[in-house]
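Below: sequence and its predicted model.
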Amino acid sequence: MQEEQTIRRCSWVDLTKPDYIEYHDREWGVPVHDDRLLFEFLILEGAQAGLSWYTVLRKRENYRIAFDSFDPEKVAGYDDQKIQALLANPGIIRNKAKILAAITNARGFLKIREEFGSFDAYIWRFVDGKPIVNEPRELKDCPATSRESDLLSKDLRQRGFKFVGSTICYAHMQATGMVNDHMIYCFRKQEIVESYSRHNHSPLDKRT
């Protein structure tokens, strides 16, 4: 393990926040193929709209409890009583439009899973099944959207999903490793690339 003082991380990580560091070091940019975790990020990214990611990250455990461990089948069945309970829950972002969107998106999620066998099979098609590896040197080099996120957003919206604009979709793709946007100097950049290469035979889509 590298000595802490020699580790270089992406510049957006607030080093005064241990939970932010842990999220960056363990999760961000790691390819996700588990449907439940993909659904979790779908809810959390939608909740983030207009807010900072850290605001949502701090409430993640509260969301896990409030949204039945991000079980899409349970969320899809939420009724008015449950909606009112969520609106009264101080541990989450009490925005009715976002709560209703989570329920709508859960129903859409289940339809996609029925059509494609898994949400994983559906969403990874937008990057041809393998992570796109960008080479950002500075934060400004990371785009807010991409051609792929535009296409994903358009398709999800046509399927009735809410809070899935291209910016939200791109953030989802970054979080779930569909896009590796770790800075070129970040220690996680190469770790994730090498881990993918060890477990997969298809070449990465590297872009400069």
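Yep, it's here.

Scan the protein for its longest helix.
Longest helix of the chain, by residue count under DSSP state H: helix 96-116.

ok, the closest residue to A175 other than its chain neighbours - contacts?
Once flanking residues are discounted, A175 sits nearest to F41: 5.2 Å by Cβ to Cβ, 6 or more residues apart in numbering. C-betas here are computed from N, CA, C, even on glycine. Each residue near F41 by Cβ atoms under 8 Å, 6 or more residues apart in numbering is listed here: V32, H172, A175, T176.

Wait, R157 touches F163, no?
No. Using Cβ atoms under 8 Å, R157 makes no contact with F163, being 10.0 Å away.

Nearest residue to the spatially most central residue of the chain in space, please, no chain neighbours.
The residue lying closest to the centre of the chain (Cα atoms, centre = their mean) is H172, at 3.2 Å. Nearest non-adjacent residue to H172, counting by Cβ to Cβ, 6+ apart: E45, 4.7 Å away.

Please identify the buried residues of the helix or strand hosting the one you found?
Using DSSP states H and E, the element containing E45 is helix 35-48. For helix 35-48, a neighbour-count test (16 or more other Cβ atoms under 10 Å) marks D35, L38, F39, E40, F41, L42, I43, L44, E45, G46, A47, Q48 as buried.

and the closest residue in space to the third one that isn't next to it in sequence, how many neighbours?
What sits nearest to F39 in space, not counting adjacent residues and going by Cβ to Cβ, 6+ apart, is P72, at 4.9 Å. Burial of P72 is recorded as 26 neighbouring residues (other Cβ atoms under 10 Å).

Tell me which residues touch P72, please.
Here P72 is in contact with D35, R36, F39, A106, F109, L110, R113 (Cβ under 8 Å, 6+ apart).

so the fourth one sits right up against E40, yeah?
So that's A106. No. If you go by Cβ under 8 Å, A106 and E40 don't touch, sitting 11.2 Å apart.

Can you list the low-confidence ranges for this structure?
1-5, 201-208 (pLDDT under 70).

which residues in it form helices?
18-26, 35-48, 53-57, 60-66, 72-76, 80-87, 96-116, 119-123, 147-158, 166-175, 187-199.

Switch those over to CSV; also include distance to W12.
Formatted as CSV, the helices of the chain follow (distance: least, Cβ to Cβ, whole Å):
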stretch, distance to W12
helix 18-26, 8
helix 35-48, 14
helix 53-57, 9
helix 60-66, 18
helix 72-76, 29
helix 80-87, 29
helix 96-116, 23
helix 119-123, 24
helix 147-158, 18
helix 166-175, 11
helix 187-199, 13
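
I7: which of those is closest?
Among these, the nearest to I7 by Cβ to Cβ is helix 187-199 (5.2 Å).

buried set for the closest one?
Under the neighbour-count criterion of 16+ other Cβ under 10 Å, helix 187-199 has R188, K189, I192, V193, Y196 buried.
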